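In: Fold the following, please.
(one chain, ligands or ions: 1)
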Amino acid sequence: MQEYIIKSEIGSSRILVGESLGNVKKYLPHNRVIIITDENVSSLFKDKFPGFPVITIGTGEKSKTIDTVSEITDEFIRLGVDRGSFILGIGGGVVCDITGFAASIFMRGLSFGYVSTTLLSQVDASVGGKTGVNYRGYKNMLGSFRQPEFVLCDTDMLKTLPEQDYRSGFAEVVKHGVIKDRELFNYLSNHLDEIENREISFLTKVVSNSIKIKAGVVRKDPTEQGYRRILNFGHTFGHAIESVFGLTHGESVSLGMIIASDISVKNGLLNKKEAGQIKKLLSDLNLIDQTKHDYARLASVIGKDKKKG
Ligand SMILES: NC(=O)c1ccc[n+]([C@@H]2O[C@H](COP(=O)([O-])OP(=O)(O)OC[C@H]3O[C@@H](n4cnc5c(N)ncnc54)[C@H](O)[C@@H]3O)[C@@H](O)[C@H]2O)c1
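Out: Purely as a prediction, here's the structure:
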């Protein structure tokens, strides 16, 4: 197991990579715990959850709303949650973002932690203290900066991920490689078989390296005053694509990275060869299936969106 600590003005967070869900009780500060999970994670792993009350939300981006936070709040009140309670999110990026947000606003803030169950949330969403929900079609419009006390990344749980969600997580790993770590980028390019076979030791290394990069950035700029924006590579376009086309977060960010790379080439900030390498790796990872997406429509929607802003 590997451990990373993020200490910052928005709290301190302990990240445990390669630890198992069965050991989560060791990290809970006391016994007044409420679990938040989604329907899929519950049906696969509920037997391994520690024995505390469970709030189960719907799955996917459509559940990442203020209405879900309102339902969670009703459950908190019914269960007698107070400032001494601890909230544990067990799930992917959607569960983590909602858990962190609900915990950060209930009674002006409760302690919380995550068991992160998707590749995308292990390498990115659960780390760094950004919480939030979508609002009236706008991505992450409501949210807060607040660190989870701990994030447990059980890489064994990645075995059950549907293929599309598994692949989606690699978009954020590619992003980390592009912005900060050429070695990580090359490592992915040279290990496509391990990716295909979901080799646990390989995935544990990829999760660890990604967290190292994200933690390094977050420590320097926890509330995104400037430097942390480097992590948004591909996300400006990606969020618009995700909202309009309903692709997965990783697929949307992949398309966003390609658009951002093309713009960078036009502005002399990236050479054509490197832009081609980014495109090739995302294509090898099945993240930018040309036949599936209508690029002309994408361009027109993003264009219209910009004019409105
Ligand atoms: N807070 C941040 O810094 C940050 C960063 C990146 C992304 N995000 C957010 O993360 C979200 C995407 O996260 P995601 O890709 O994890 O999506 P997700 O949480 O919707 O999970 C994807 C699917 O996998 C299922 N699932 C989860 N764990 C599973 C497992 N172990 N086995 C089988 N199925 C499992 C879920 O039920 C869901 O259907 C987006 O809302 C995005 O905005 C947040």
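In: going forward, measure contacts between C-alpha atoms and count neighbours the same way
Out: Fine.
In: tell me which parts of the stretch 51-200 of the chain are close to the ligand?
Out: Counting by C-alpha under 6 Å from any ligand atom, the stretch 51-200 of the chain comes close to the ligand at 59-61, 91-95, 97, 117-118, 120-121, 124-126, 130-131, 157-158, 160-162, 165.
In: Can you tell me which of these are classed as buried?
Out: Neighbour counting over those (16 or more other C-alpha atoms under 10 Å) leaves 59, 61, 91-95, 97, 117-118, 120-121, 124-126, 130-131, 157-158, 165 as the buried ones.
In: Filter those down to the ones in helices?
Out: The members of those that map onto helices under DSSP state H are 93-95, 97, 120, 165.
In: okay if I get these as a markdown table plus pLDDT?
Out: Output for these, formatted as a markdown table (pLDDT from 0 to 100):
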| residue | pLDDT |
| --- | --- |
| 93 | 98 |
| 94 | 98 |
| 95 | 98 |
| 97 | 98 |
| 120 | 97 |
| 165 | 97 |
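In: which two of these lie the greatest distance from each other?
Out: Pairwise distances among those were taken by C-alpha to C-alpha; the largest, 16.5 Å, belongs to 97 and 165.
In: Check which helices and strands the lengthiest helix in the chain is in contact with.
Out: Longest helix in the chain, counting residues (DSSP H): helix 200-220. Helices and strands touching helix 200-220, as assessed by 3 or more C-alpha pairs under 8 Å, 6 or more residues apart in numbering; DSSP states H and E, comprise strand 2-8, strand 11-17, helix 163-180, helix 192-197.
In: which stretch among those comes nearest residue 146?
Out: Using C-alpha to C-alpha, the helices and strands packed on helix 200-220 put strand 11-17 closest to residue 146, at 6.7 Å.
In: so what strands line up beside the closest one?
Out: strand 2-8 (antiparallel), strand 150-153 (parallel) (DSSP bridges).
In: quick check: angle from it to helix 200-220?
Out: Orientation check (axes from the mean of the first three to the mean of the last three C-alpha atoms, to 10 degrees): strand 11-17 against helix 200-220 gives 170 degrees.
In: Is any residue of strand 11-17 near the ligand?
Out: No: Strand 11-17 lies out of reach of the ligand by C-alpha under 6 Å from any ligand atom, never closer than 13.7 Å.
In: same deal with stretch 36-44?
Out: Yes: for stretch 36-44, a contact with the ligand is found by C-alpha under 6 Å from any ligand atom, at 38, 40-41.
In: of those, closest to residue 201?
Out: Using C-alpha to C-alpha, these come closest to residue 201 at residue 41, 22.5 Å.
In: wait, the closest one sits on residue 91?
Out: Yes: between residue 41 and residue 91 a contact is recorded at 6.2 Å, counting by C-alpha atoms under 8 Å.
In: Could you export the ones in helices among the buried ones among the residues of the stretch 51-200 of the chain next to the ligand as a markdown table, including distance to residue 210?
Out: Formatted as a markdown table, these follow (distance: C-alpha to C-alpha, whole Å):
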| residue | distance to residue 210 |
| --- | --- |
| 93 | 15 |
| 94 | 19 |
| 95 | 20 |
| 97 | 19 |
| 120 | 10 |
| 165 | 17 |
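In: In strands, which of the residues of stretch 36-44 next to the ligand appear?
Out: Members of these lying in strands (criterion: DSSP state E): residue 38.
In: May I have stretch 99-111 exported as PDB, CA atoms only?
Out: This file holds the C-alpha atoms of stretch 99-111, laid out as PDB (Å, rounded to 0.1, in the frame of the first residue of the first chain):
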ATOM      1  CA  THR A  99     -20.900  13.200  -0.700                       C
ATOM      2  CA  GLY A 100     -18.300  15.900  -0.300                       C
ATOM      3  CA  PHE A 101     -20.700  18.700  -1.200                       C
ATOM      4  CA  ALA A 102     -23.600  17.400   1.000                       C
ATOM      5  CA  ALA A 103     -21.100  16.900   3.900                       C
ATOM      6  CA  SER A 104     -19.600  20.400   3.400                       C
ATOM      7  CA  ILE A 105     -22.900  22.300   3.600                       C
ATOM      8  CA  PHE A 106     -24.800  20.200   6.200                       C
ATOM      9  CA  MET A 107     -24.800  22.100   9.500                       C
ATOM     10  CA  ARG A 108     -21.900  24.200   8.000                       C
ATOM     11  CA  GLY A 109     -19.700  21.200   7.500                       C
ATOM     12  CA  LEU A 110     -19.200  17.600   8.600                       C
ATOM     13  CA  SER A 111     -16.100  15.400   8.300                       C
END
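In: Which residues outside that stretch are in contact with it?
Out: By C-alpha atoms under 8 Å, 6 or more residues apart in numbering, the residues outside stretch 99-111 that reach it are 36, 69, 72-73, 82-89, 112-113, 131-133, 143-144, 146, 148-149.
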